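K.L.:
Have a look at this prediction, sequence included:
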Amino acid sequence: GAVVSQHPSRVICKSGTSVKIECRSLDFQATTMFWYRQFPKQSLMLMATSNEGSKATYEQGVEKDKFLINHASLTLSTLTVTSAHPEDSSFYICSADILGSWTQYFGPGTRLTVL
Amino acid sequence: DAKTTQPNSMESNEEEPVHLPCNHSTISGTDYIHWYRQLPSQGPEYVIHGLTSNVNNRMASLAIAEDRKSSTLILHRATLRDAAVYYCILSPGNQFYFGTGTSLTVIP
């Protein structure tokens, strides 16, 4: 149980375009979803925390107008990278938790390459 | 955010036990200790978590020092599939701030 999926798994786009990444909890309702970014050979960096029906809380240094997060239901959160540039190329990972479980369940990640 | 310190890398022989240490001297009373592992190009996988007492599950054991300033993840018999980066994370609530982790190499 507690499976989180992401779509797409890999995306290549041109500079200046926007890219949407979906994160779904498949067999549970997620109280909170999280978005991370990971550059090669580095650790995961928390970008934002989102609760269903509320505005996301962004970590310091993360541009909220560039990384738009929508958490419309208890099983779906989306991250849109707007006007993507090559420096936005990274591995984006989402996670979800179940209230009271103290555990996050991670998705498989989305590899974004901006040309 | 409470900080964790882990060795950058460790090696273990296959089928031998592995003890992965984590220091967290600034841990607060409400911080849970979580361990996750990550294979290349995959999302992290939950391993184990605890608060004060030692914990066991089918994957591993977590030994927490009495003063909670350090903990050790124990893999009882390392297999090649255990080769990964292991992260020790402190969390007072549901937000995780990852440190650099320990890259575990398992030698056949």
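P.N.:
Ah, there it is.
K.L.:
List the residues that contact the closest residue to chain A within chain B.
P.N.:
Nearest residue of chain B to chain A: B:Gly43, at 3.6 Å (CB to the nearest CB). (Glycine included, C-beta is placed from N, CA and C.) Contact analysis of B:Gly43 by CB atoms under 8 Å, 6 or more residues apart in numbering or on different chains lists A:4, A:6, A:93, A:95, A:106-109.
K.L.:
From those, pick out the ones that also neighbour chain B.
P.N.:
A:4, A:6, A:93, A:95, A:106-109 (CB under 8 Å from any CB of the partner chain).
K.L.:
What residues does B:Lys3 make contact with?
P.N.:
B:24, B:26, B:90, B:99.
K.L.:
contacting residues around the closest residue to A:Ser18 other than its chain neighbours?
P.N.:
Using CB to CB, 6 or more residues apart in numbering or on different chains and skipping the chain neighbours, the partner closest in space to A:Ser18 is A:Thr82 (4.8 Å). With contact taken as CB under 8 Å, 6+ apart, A:Thr82 is in contact with A:18, A:65-68.
K.L.:
Make a ChimeraX selection of the buried ones in these.
P.N.:
The following ChimeraX line selects those of these that are buried, judged by 16 or more other CB atoms under 10 Å in any protein chain shown:
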select /A:67,68
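K.L.:
and which of the contacts of A:Thr82 is nearest B:Thr5?
P.N.:
A:Phe67 (29.6 Å; CB to CB).
K.L.:
What residues does chain B have near chain A?
P.N.:
Checking chain B against chain A by CB under 8 Å from any CB, the hits are B:32, B:34, B:36, B:38, B:41-46, B:49, B:87, B:91, B:94-101.
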